[in-house]
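S.K.: I need the structure of the sequence given here:
(2 chains)
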2 protein chains.
Amino acid sequence: MENKTQLLSLEETARFLRENNNYLILTHASPDGDTLGSAHALLMILAKLGKNATVICSDEIPNKYNYFIDTACYTAKEDFTVIAVDVADTKLLGSLEEKYSKNIELCIDHHMSNTGYAKRTYLDSSAGANCECIFDIAGCLGVEIDKKMALALYTGISTDTGCFRFSNTTAKTLRIGAALMETGIDTAEINRIMFETKSRLRLQLEKMALDNMEFYFNDSCAVITITRQMYEQTGCKDQDIDGITAIPRTIEGVLVGVTIREKEDGSFKASVRTYPPVDASKICGLLGGGGHIRASGCQISNKYSLDQAKEKILLAVRAVLEEESAGVTADK
Amino acid sequence: MENKTQLLSLEETARFLRENNNYLILTHASPDGDTLGSAHALLMILAKLGKNATVICSDEIPNKYNYFIDTACYTAKEDFTVIAVDVADTKLLGSLEEKYSKNIELCIDHHMSNTGYAKRTYLDSSAGANCECIFDIAGCLGVEIDKKMALALYTGISTDTGCFRFSNTTAKTLRIGAALMETGIDTAEINRIMFETKSRLRLQLEKMALDNMEFYFNDSCAVITITRQMYEQTGCKDQDIDGITAIPRTIEGVLVGVTIREKEDGSFKASVRTYPPVDASKICGLLGGGGHIRASGCQISNKYSLDQAKEKILLAVRAVLEEESAGVTADK
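M.R.: Numbers count the residues shown, from 1 in each chain, chains lettered A, B, ... in the order given. Modelled structure (predicted):
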């Protein structure tokens, strides 16, 4: 953590929430299940304590999350107590950054990379999903989890852990999942919405991406490219291609899966997913990006053509593959 | 249950296992993670009790399960005590049926449809995976689950519940998953092997299947076809296409997903996957097949061409869609 924040224990976090009121809960931009689940569960928990609270996000909320977003109005008054949930850095607040980043009273997060921007921080980096932190806070506050809260919390946990598949899943994650199921929620239906439903537009784009998949370095690296033309041909938007970055790494023998997306301004975003021993953050670090060991990203300027951008990424992949002595030779 | 079997409680099952020896554990044919996980975990549990036991299966065991199959030899002697695990009907024993079906001393199963073929049956139809039953039996026997047993049991639970995604998952399933994780096994690696690794041959075949996907009945039914030619062009075998039947139902708005596979003799196997309110077993029942409400299958004779076979299936789909009053009109 670069900044000075006061790290709170679970009990101190619960006490802070009891002692204040009129909460404004901020989620990160491009909201996902975990930030939305955290924010809306926290809102419902605070409502149970008789607190006013409201949730805001810089971006539009995808409709698929509607089932846990309570339309009941908990109007917060002026003089907000600002809380950020699942937000590792104020940059991730999008358009809310300018107005709120300086006066965030409490951050509840699970990212090891949290920059400590808030006055107080409750950080549990062992939690697979931030919703696990919210579950623990509810327990500490003595608020019983009802079905609506459970829908929100389960969604966050399931989406952030790939439904208990990824390496961030712990035994505690599964036990919390069990407790949430016991409220009677239909988890199969949540998972169907989150994981098993693709639009036909998405299907079209996925087919195009599979058609252009290329393999490099003795097939240890697979690359797919999504161009503006593909967006235009299919009518897909960025929000439709959630999870497409997982595809290249699913091919047998692939250690490095790269997805290159052409952005509206002609620049490129590369998403890199790896398997041991390859460090994705090293690959992206060579191009000014970063992230986690298995999932990182970087931007490449629109000075470069698609072929040039791909070449730059492949050079970075090669450098890291060679460094990791993954026993891979560097020819295509 | 059609037949007379003695239904055992958990305690009676444990007592039976303590009182006998020289176990021959049968799995079902076309073995999956749950039957193999059940059999091998049970073998290790029995070994801890000092019992001789061995596992047999009519078919070859796919290599991907090797990580939990102990190469240590627990040779069973003559005079076997025969146990079947995760086998709902003796027909599912494949080539082992003839020799063993009449003298199965104990069946441990979780299928509601179990025919009661064994002398004694421990049946827990609330268990998402049969490995949950084996976990409970180990607890009742006082055998502590070690890492190798946990690998086998977790594999069965994860594969049978789609890693806790499907509607057969219960809070208990998640709690058992948590207990297994606490032995220190790498569940992310298991899930990577089971769910996230596709061969390039499989990728090719999947692309071809996506290319020929057709939509019917106001897009509420999606059909993919896998012909012998596609197998030949890609080099895929039947075992490579595990899970491909899930694809058509993943498209938004699709209630009935149909996968038609052409078999070597020119006949067809149709796999039908549905979402509420459509009953897959009714659709397949109209063509002489059957199965579960959300997943069923049927065979169509090689007297028919592919187009005729498809036509027959679509007529059955239409009949059930109309009957279910799913509000679907019957034009393409």
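S.K.: strands of the stretch 51-200 of chain A, start to end?
M.R.: Per DSSP state E, counting those that start in this stretch, the stretch 51-200 of chain A carries strands over the ranges A:53-56, A:81-85, A:106-109, A:120-123.
S.K.: turn those strands into TSV, columns for mean neighbour count and mean pLDDT.
M.R.: In this view, the C-beta of every residue, glycine as well, is placed from N, C-alpha and C. Output for these, formatted as TSV (neighbours: other CB atoms under 10 Å in any protein chain shown; pLDDT from 0 to 100):
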stretch	mean neighbour count	mean pLDDT
strand A:53-56	20	92
strand A:81-85	27	97
strand A:106-109	26	98
strand A:120-123	22	98
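S.K.: mind putting these in CSV, distance to chain B included?
M.R.: Listed next are these as CSV, based on distance: least, CB to the nearest CB, whole Å:
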stretch, distance to chain B
strand A:53-56, 27
strand A:81-85, 24
strand A:106-109, 22
strand A:120-123, 23
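S.K.: doesn't residue A:283 make contact with residue A:320?
M.R.: Yes - applying CB atoms under 8 Å, one finds residue A:320 in contact with residue A:283, separated by 4.8 Å.
S.K.: pick out whichever of the two has more residues nearby.
M.R.: Each of residue A:320 and residue A:283 has its neighbours counted (other CB atoms under 10 Å in any protein chain shown); residue A:283 has more, 29 against 23.
S.K.: can you list contacts of the helix or strand containing that one?
M.R.: Using DSSP states H and E, residue A:283 maps to helix A:280-285. Contact with helix A:280-285 is made by A:256, A:270, A:272-274, A:290-298, A:313, A:316-317, A:319-320, A:323, as judged by CB atoms under 8 Å, 6 or more residues apart in numbering or on different chains.
S.K.: so which of the residues you listed sit within helices?
M.R.: Here DSSP state H is the test, and the contacts of helix A:280-285 give A:313, A:316, A:317, A:319, A:320, A:323 as lying in helices.
S.K.: can I get those residues in TSV with distance to residue A:29 and pLDDT?
M.R.: Formatted as TSV, the ones in helices among the contacts of helix A:280-285 follow (distance: CB to CB, whole Å; pLDDT from 0 to 100):
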residue	distance to residue A:29	pLDDT
A:313	25	97
A:316	26	97
A:317	28	97
A:319	31	96
A:320	29	96
A:323	33	89
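S.K.: wait, which of the residues you listed is closest to chain B?
M.R.: Nearest to chain B out of the ones in helices among the contacts of helix A:280-285 is residue A:317 (CB to the nearest CB; 18.7 Å).
S.K.: I'd say residue A:234 and residue A:201 touch.
M.R.: Yes - the pair residue A:234 / residue A:201 is scored as a contact, 5.0 Å apart, by CB under 8 Å.
S.K.: show me which of these two is the more surrounded one.
M.R.: Comparing residue A:234 with residue A:201 by other CB under 10 Å, the one with more neighbours is residue A:234, at 21 against 17.
S.K.: what's near enough to touch the more buried one?
M.R.: A:201, A:202, A:204, A:205, A:208.
S.K.: just residue A:82 next, same as before
M.R.: A:23, A:24, A:26, A:100, A:103, A:104, A:105, A:106.
S.K.: the fourth one: how many residues sit nearby?
M.R.: Counted with other CB under 10 Å, the burial measure for residue A:100 works out to 16 neighbours.
S.K.: quick check: closest non-adjacent residue to residue A:168.
M.R.: Of all residues not flanking residue A:168 in the chain, residue A:128 sits nearest, at 4.0 Å (CB to CB, 6 or more residues apart in numbering or on different chains).
S.K.: report the contact partners of the spatially closest residue to residue A:192 that is not a sequence neighbour.
M.R.: Counting by CB to CB, 6+ apart, residue A:192 lies nearest to residue B:275, which is 7.6 Å off, once chain neighbours are set aside. Applying CB under 8 Å, 6+ apart to residue B:275 gives the contacts A:192, B:249, B:254, B:255, B:294.
S.K.: among the residues you listed, which two are most distant?
M.R.: Comparing all pairs in the contacts of residue B:275 by CB to CB, the longest separation belongs to B:254 and B:294, at 13.0 Å.
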